[in-house]
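Student: A predicted structure for the sequence below; I have some questions about it.
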Amino acid sequence: MPETVLEAHGVTAGYVPGLPILHDVSMGAQAGQITLIIGPNGAGKSTLIKAIAGLVPVGSGKITFESQDITGLATDQMSTRGISYVPQTDNIFRSLTIRQNLDLALRRAKSDAPARLAQLLEQFPALAAKQRDRAATLSGGQRQFLAIAMALATAPRLILMDEPSAGLSPKATQDVLEHARSLTEQGVAILLVEQNVNQALHLADHCFILAEGRNQIDGPAKDLLNDKVVGEIYLGGRRVQTT
Amino acid sequence: MIGVMSYLVFFATTASILAIAVLGLNLQWGNTGLFNGGVVAFFGAGAYGTLILGGTSQEGHLGGFGVIYPLALLGGMAAAGLMAWIVGLLTLRLRHDYLAIATFGVAVAFENLMRNAEWLAGGAKGVRGFERPLRAALGDGFLYNILFFLVVLAILIATYLFLERLVASPFGRLLRAIREDEEAAQSLGKSPAKVRLTAFVTGSVILGLAGGLYGTFYAFVSPQDVLPTLTFQIWAMLIVGGAGNNRGAIFGAFLIWGAWTASGWALSRFAPIEAQLYTGSVQFVLIGSVIVGMLMWRPEGLLPERLVVSQRGSTPSNKQGE
Amino acid sequence: MIQNLIDGVLTGSYISLGAIGLTLVMHILRFANFSHAELLSLGAYVALVCDALVAALVPVFAVKLAPLSLTWALVLAILMSMVITGLSALLIDRLVFKRVREKGLELSMIFASFGMALIIRNVIGLFFGLSPQLYSRDIAFAMVLSRDPLLLVKPDQIFVLVAALLLMLMLHLLLSRTTFGYSLRAVAENPSLAQVNGVNLHRTIMAVWLIGGALAAVAGVFYGLSHQLIPVMGRDLLLPIFAATIVGGIGSVYGAVLGGFIVGIAGNMALVVLPSGYTPSVPFLLIIVVLMIRPHGLFGEARA
């Protein structure tokens, strides 16, 4: 039984006080697994991930990570607790070089930084080749990899990923998602928001469905993939081919 | 008695003219959220425009068109509006600080031009040779002043009524919508830049109107009248009165003008002679403190805007979510 | 003409220093800080006081470093003023800007800065008097660079230029070689992403005020060395440093440096064609030209 590292209980959150987007949402994520959040546009998926990352104020409810309360913890403190967040867009510093982006992310690693940098560059050869270039020159897929590399710099035990495939080609999407999968093998928990429901469901372990800011269905990803209702809503009504 | 009366009329006339200017600024800042750092330039354009168009022929500088008064005043307003249109066109699509800096620059350049360009407006000596309308019939005495005050008051009331209607109209709602949430307004298919430009130009025309009346009142305008001091005073009036509220704007104008006049009088009367030189400095520290103090302790002003929902404080960066 | 160019470069050196701090504050705190130029005045006057103090306490330092009119006392005073002005900028933020910011009145920050500018400028006037002051009463003789055409440069001006370029180099190294510098640039580009990467926004803002204040102090002293100290110097310097940030692109440190030199050179070159009375309008004309042909400046990027 995998260990549940992240838990949200009855979270109500929104950008403007008194106008919540999330209503009483509860969910959890396990170490070494990909937990997927899907739902129609405006369901509150990104808001949920931002509320966990401390970027959206939580009105009520509780969020815990490794049994510690992290509700309302400042965003810049998340990395010291072992949580990384990869935003959907604008997730790298365009005006810095690739190396500078990585050095910034590695700042807190202090003496471990050189070793960890070498490790990241080995893991992402495409970035290693372009270290001195400004990050703005990277392709969409490479940017996503840089953002993931930055998230990995702090050796997190939980990574929050907000639609890593946004704006990517199907091939790049596949690469990014497969990379996410490989991360879980070292015991990292990944909370993933995705629009590419079909592709993501094949990869994920568990899935939560949100609609209008509320919990709807949740269950093992494989079951939802074969669920008729889910199929009709998200997969264009066709039965999904299991590959 | 007649002395006190005539001083009161003089005070009320100046305060009413300034109140018109504050109303113009309120349309820009209070209703639309546009920062005008060069209020005095638009006020000055109105004053200079009116006096140059309506004055008699002068040697050494432009003028002497002898246009009939109402047209001269309209010309002054048009000059202010034209200036606002050019500045607005260049800056209103950009971040809000560009407008602030550009308008501040306009004020510096305007004062600088008026001070140096003798051929244009008499340079440091100012524009001479303007005759107040109907002076021949009414003379220069108390009667003229009281009638002039009544005209100014009527224009103030007309401006107030016009702006109240404007603010209540669909256009007014659009202004507030853009101020509160530009992206949302944009998604409704409205072009915020265009709407803001309209509001900015309209506000500046009103500032020009106030300037025109001011020039008419003194029958003279010089670079001394277009110093940044006036910008600060007009802002303080708006902030103290309550940005977004037209009645607050008028109230603030009378209150601050009263306080300014009284503090100047008190300082000149009670401060030691050797300190008189610093009267201005003390007054500026006071007006600066009033602006900062209001923002810190009562940002809504003495008469707050009457609005139900306000979503201020939500920065664009956290609106990207779902 | 060449003399104007030389004077322009020298003027540009202190405008650039002033503009660097302003562009950082404008970019990171997202408001046009109209009180930034008052930090230049404040720094200049603080240095005047420190100079007198050091010279009185350690008379050895009051000796001129010929051919400069500069003394060791003033060099120390500049360093002291950088610290004091930086801390003052921080204090002003704490007392005023931070409170207004935390009330969610981002747009009102600009008003607060105008109010602060009025207060600082006039308090300086009340404190030091309205008449001009000088760091040194000695007349610094200009060096003749060439006789035909006649080109003159004061040794102090050379010092100002070299010192300004050195400071800019140090800042460049800070921004391009240290993770602290990266974090400043990161916050300027995307504050929430910077936080996601563990950057403390609050501390970064403090650092920006300290750096901006310190550079403003140097700029103020250099202005004082080139001209004279008057309480309203901030008012006269404000438009040039704003113009430098717009020419360079708001948020770009390198743009502010280049913009400062462009504004300085343009102001002095304008003397060739315009009467000197019009000099204060030149920065405005530059702003208008830049807004017409390249609204985001030389190095700026579009941002909401």
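Tutor: On my side now, so go ahead. Numbers count the residues shown, from 1 in each chain, chains lettered A, B, ... in the order given.

Student: okay but residue B:21 is in contact with residue B:208, surely?
Tutor: No. Taking CB atoms under 8 Å as the contact criterion, residue B:21 and residue B:208 are not neighbours in contact, 9.3 Å apart. Every residue, glycine included, has its C-beta placed from N, CA and C.

Student: what's the helix or strand hosting residue A:198 packed up against?
Tutor: Following DSSP states H and E, the helix or strand that holds residue A:198 is helix A:197-203. With contacts defined as 3 or more CB pairs under 8 Å, 6 or more residues apart in numbering or on different chains; DSSP states H and E, the secondary structure elements packing on helix A:197-203 are strand A:34-38, helix A:170-184, helix A:221-225.

Student: got the buried residues for that helix?
Tutor: Neighbour counts using 16 or more other CB atoms under 10 Å in any protein chain shown place A:197, A:200, A:201, A:202, A:203 of helix A:197-203 among the buried residues.

Student: distance of the last one from chain B?
Tutor: Okay, so that is residue A:203. In this view, residue A:203 and chain B are 22 Å apart by CB to the nearest CB, to the nearest Å.

Student: Quick check: what element follows the helix holding residue A:198 along the chain?
Tutor: Scanning forward in sequence from helix A:197-203 by DSSP H and E, the next helix or strand is strand A:206-211.

Student: re the thing from before, so which of the buried residues of helix A:197-203 comes closest to chain B?
Tutor: Checking those against chain B by CB to the nearest CB gives residue A:197 as the nearest, at 15.8 Å.

Student: Wait, the closest one touches residue A:39, no?
Tutor: No. The criterion here is CB under 8 Å, and residue A:197 misses it with residue A:39 at 9.4 Å.

Student: just checking, residue C:46 touches residue C:84?
Tutor: Yes. With contacts counted by CB under 8 Å, residue C:46 reaches residue C:84, the gap being 5.0 Å.

Student: got any residues that touch both of these two?
Tutor: With contacts taken as CB atoms under 8 Å, 6 or more residues apart in numbering or on different chains, residue C:46 and residue C:84 have residue C:217 as neighbours in common.

Student: Between these two, which has more neighbouring residues?
Tutor: The residue with more neighbours, out of residue C:46 and residue C:84 and counting by other CB atoms under 10 Å in any protein chain shown, is residue C:46; that gives 23 against 20.

Student: How about that one: what's its closest non-neighbour residue?
Tutor: Leaving out its chain neighbours, the residue that sits closest to residue C:46 by CB to CB, 6 or more residues apart in numbering or on different chains is residue C:81, at 4.3 Å.

Student: For residue C:263, see how far away that neighbour is.
Tutor: Spatial separation of residue C:81 from residue C:263 under the definition CB to CB, to the nearest Å is 24 Å.

Student: which residues are in contact with both of residue B:21 and residue B:208?
Tutor: residue B:43.

Student: Is the helix or strand where residue C:243 lies positioned near chain B?
Tutor: Assigned by DSSP H and E, residue C:243 belongs to helix C:233-248. Yes. Judged by CB under 8 Å from any CB of the partner chain, helix C:233-248 comes into contact with chain B through C:235, C:238, C:239, C:242, C:243, C:246.

Student: Would you mind giving the residues you listed as CSV with neighbour count added?
Tutor: Formatted as CSV, the entries for the residues of helix C:233-248 next to chain B read as follows, by neighbours: other CB atoms under 10 Å in any protein chain shown:
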residue, neighbour count
C:235, 18
C:238, 26
C:239, 25
C:242, 34
C:243, 28
C:246, 36
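
Student: For those, point out the one with the lowest pLDDT.
Tutor: When these are compared by pLDDT, residue C:235 scores lowest at 91.

Student: thinking it is in contact with residue C:37, fair?
Tutor: Yes. In this structure, residue C:235 sits in contact with residue C:37. The criterion is CB under 8 Å, and the distance is 7.1 Å.

Student: any common contacting residues for the two?
Tutor: Shared contacts of residue C:235 and residue C:37, defined by CB under 8 Å, 6+ apart, are found at residue C:117.

Student: Contact residues of the stretch 151-300 of chain C facing chain B?
Tutor: Applying the criterion CB under 8 Å from any CB, the portion of the stretch 151-300 of chain C that neighbours chain B consists of C:191-192, C:235, C:238-239, C:242-243, C:246, C:250, C:275, C:277-278, C:280-281, C:283-285, C:287-288, C:291-292, C:295-296.

Student: what's around residue A:96, how many residues?
Tutor: Residues contacting residue A:96 under the criterion other CB under 10 Å number 22.

Student: measure it to residue A:156 for me?
Tutor: Between residue A:96 and residue A:156 the distance, using CB to CB, works out to 21 Å.

Student: try residue B:72
Tutor: Distance, residue B:72 to residue A:156, by CB to CB: 72 Å.

Student: And the two? Which one has more around it.
Tutor: Neighbour comparison, residue B:72 and residue A:156: the larger count goes to residue B:72, with 24 against 20 (by other CB under 10 Å).

Student: quick one, what contacts residue A:101?
Tutor: Contacts of residue A:101 were listed using CB under 8 Å, 6+ apart, and they are A:92, A:93, A:135, A:146, A:150, C:182.

Student: Mind doing that once more with 7 Å?
Tutor: Contacts here follow CB atoms under 7 Å, 6 or more residues apart in numbering or on different chains; on that basis residue A:101 touches A:92, A:93, A:135, A:146, A:150.

Student: Can I get the buried ones among the residues you listed as something I can paste into ChimeraX?
Tutor: Under the burial definition 16+ other CB under 10 Å, those of the contacts of residue A:101 that qualify are selected in ChimeraX by:
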select /A:92,93,135,146,150
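
Student: Can you report how many residues lie near residue A:68?
Tutor: Other residues lying near residue A:68 total 9 when counted by other CB under 10 Å.

Student: my guess is residue C:278 meets residue B:109, correct?
Tutor: No. With contact defined as CB atoms under 7 Å, residue C:278 and residue B:109 do not form a contacting pair (8.9 Å).

Student: ok, those two, which is more surrounded?
Tutor: Each of residue C:278 and residue B:109 had its neighbours counted (other CB under 10 Å), and the higher figure belongs to residue B:109 (22 against 18).

Student: Following the chain past the one helix or strand the more buried one maps to, name the next helix or strand.
Tutor: With elements delineated by DSSP H and E, residue B:109 resides in helix B:96-116, which encompasses its position. Moving toward the C-terminus from helix B:96-116, the next helix or strand (DSSP H and E) is helix B:118-121.
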